[in-house]
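Asker: here is my input, please return the structure:
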Amino acid sequence: MPNSPGDLQVIVPNLHRRYSGVTATNRMVAPRLAKLVRAAWFGSHAPDGIARLSGGDLLKLWRRSTPLVWHARRNNEMIAGVLLRALGWPLKLVFTSAAQRHHTWITRWLIRRMDAIIATSDVSASFLKVKSTTIPHGVDTDVYMPPADRAAAFAEAALPGRYAIGCFGRVRAQKGSDVFVDAMCRLLPRYPDFTAVIVGAVTPEQIPFANELKKRIEAAGLQSRIVITGELPIEDVQRWYQRLTIYAFTSRNEGFGLTLIEAMAAGAALVASRAGAAELVVEDGVTGVLTPTGDADALAAALEPLMRDVAVATAMGQRGRARVLQKFSLDAEAAAIASVYRAVI
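Answerer: Numbers count the residues shown, from 1 in each chain. This is a model prediction of the structure:
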């Protein structure tokens, strides 16, 4: 906790025990925010670089004279903030929404009680029905960065060929894992220098879906060239990004889709379905190629020119990295969020 309860300006709650995408994005930006404002993390999965607030510390803040920000990212965190304020905690309530769908009545009710709303994309903002500030997620460009030698990074994996094309995220229909596999079954026989990699967990309920994908891969005779890694430690995932020449973002729907900017930051060429923040992040034909969701034909057609000419893919990856540095760094995200805090306080 900061030196005393009176020092605190912002509480970053994480009231969710299971590690999730929301938790991951919160953990990344919170330490950067802590460099700009006096902030503390309350709840599970606290990252390094930010003070921690215990239940006892929270009690000491009751009826203090100066306001502080409670920045929620889930319904339960909004509910907690509304209740604490009603009981005398001097909270200004901020909510970040990444959802790209119509909200339930309880979420709409809670949103109307917030002092400020942040949307992670213009599409997310369009579903809020209240005034909001659009602040896209950022990525740590010192962690997600191109390798010194991409060929050597790929060689470490001991996979066939010379180049990797990847699709990251849990293996499920929502992530478009089947769209990626279908496109790879068509393209890989024509491009023997490439191996495809799906980096992500197969949860118990998705085992039948994953088994169906494996049957398609076996029927195409591509067992050695379409690899499903399963869940990996984050450091290994970061290294896999550096092995990629091309990244395929194939989600059918997303809140934001952080893998977009992670792959771009690592210098991979990007082909992305029009889901999540893809249309915000990608300059179509310049820093990536946009395709319809759920369309394996369109995905294959967009990937093939990049597989045919690796120099074109490399140049696109360099432009993508430059765009992330300019628009989607963690520092840019943190600075914009801190401006919202200052406005409400």
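Asker: what sits against the nearest residue to residue 296 once chain neighbours are set aside?
Answerer: Of all residues not flanking residue 296 in the chain, residue 182 sits nearest, at 3.8 Å (C-beta to C-beta, 6 or more residues apart in numbering). Every residue, glycine included, has its C-beta placed from N, CA and C. Listed by C-beta atoms under 8 Å, 6 or more residues apart in numbering, the contact set of residue 182 reads 216, 296, 300.
Asker: would you check that residue 8 makes contact with residue 34?
Answerer: No: the pair residue 8 / residue 34 is not scored as a contact, 11.0 Å apart, by C-beta atoms under 8 Å.
Asker: neighbour-wise, which of the two wins?
Answerer: Each of residue 8 and residue 34 has its neighbours counted (other C-beta atoms under 10 Å); residue 8 has more, 24 against 20.
Asker: model confidence for the more buried one, exactly?
Answerer: Predicted confidence (pLDDT) for residue 8: 92.
Asker: in a strand, residue 198, correct?
Answerer: Yes: counting by DSSP: H, G, I helix; E, B strand; the rest coil, one finds residue 198 located in a strand.
Asker: check which helix or strand the residue nearest to it when sequence neighbours are not counted maps to.
Answerer: The shortest distance from residue 198 to any non-neighbouring residue, by C-beta to C-beta, 6+ apart, is to residue 228 (4.6 Å). Residue 228 is located in strand 226-230, with elements delineated by DSSP states H and E.
Asker: same deal with residue 71?
Answerer: Per DSSP H and E: strand 68-72 holds residue 71.
Asker: ok, now which ones touch the nearest residue in space to residue 122 that is not next to it in sequence?
Answerer: Using C-beta to C-beta, 6+ apart and skipping residues adjacent in sequence, the residue nearest residue 122 is residue 134, 5.7 Å away. Residues in contact with residue 134 (C-beta under 8 Å, 6+ apart) are 118-122, 124-125.
Asker: any of those residues buried? List them.
Answerer: Neighbour counting with 16 or more other C-beta atoms under 10 Å marks 118-121, 124-125 as buried within those.
Asker: pick out the most distant pair among those.
Answerer: Using C-beta to C-beta, the buried ones among the contacts of residue 134 span at most 10.7 Å, a distance reached by 118 and 121.
Asker: look up how far residue 240 lies from the spatially most central residue of the chain.
Answerer: Centroid-nearest residue in the chain: residue 258, 2.1 Å away (criterion: C-alpha atoms, centre = their mean). According to C-beta to C-beta, to the nearest Å, residue 258 stands 15 Å off from residue 240.
Asker: please apply the same query to residue 7.
Answerer: Computed as C-beta to C-beta, the residue 7 to residue 240 distance reads 41 Å.
Asker: more neighbours: which of these two?
Answerer: Neighbour count, other C-beta under 10 Å: between residue 7 and residue 240, residue 240 has more, with 20 against 12.
Asker: could you find the closest non-adjacent residue to that one?
Answerer: Leaving aside its sequence neighbours, residue 240 sits nearest to residue 199 (C-beta to C-beta, 6+ apart; 5.1 Å).
Asker: and that neighbour, how many residues sit next to it?
Answerer: Neighbourhood size, residue 199 [other C-beta under 10 Å]: 22.
Asker: residue contacts, it?
Answerer: Residues in contact with residue 199, defined by C-beta under 8 Å, 6+ apart, are 166-169, 229, 232, 237, 240.
Asker: now do the same for it: its pLDDT.
Answerer: Looking at residue 199, its pLDDT reads 96.
Asker: for residue 222, what are its contacts?
Answerer: Residue 222 sits next to 184-185, 188-189, 196 when contact means C-beta under 8 Å, 6+ apart.
Asker: filter those down to the ones in helices?
Answerer: Of the positions in the contacts of residue 222, 184-185 sit in helices, assigned by DSSP state H.
Asker: closest to residue 320 out of the contacts of residue 222?
Answerer: residue 196 (19.5 Å).
Asker: quick revisit: next SSE after the strand holding residue 71?
Answerer: Counting by DSSP H and E, the element after strand 68-72 in chain order, helix or strand, is helix 75-86.
Asker: how many neighbours does the nearest residue to residue 267 once chain neighbours are set aside have?
Answerer: In this structure, residue 267 finds its nearest non-sequential neighbour in residue 146, 3.5 Å apart by C-beta to C-beta, 6+ apart. Applying other C-beta under 10 Å, we find 17 residues neighbouring residue 146.
Asker: which residue packs closest to residue 203, ignoring adjacent ones?
Answerer: Leaving aside its sequence neighbours, residue 203 sits nearest to residue 170 (C-beta to C-beta, 6+ apart; 6.4 Å).
Asker: what does residue 335 give?
Answerer: Of all residues not flanking residue 335 in the chain, residue 36 sits nearest, at 6.8 Å (C-beta to C-beta, 6+ apart).
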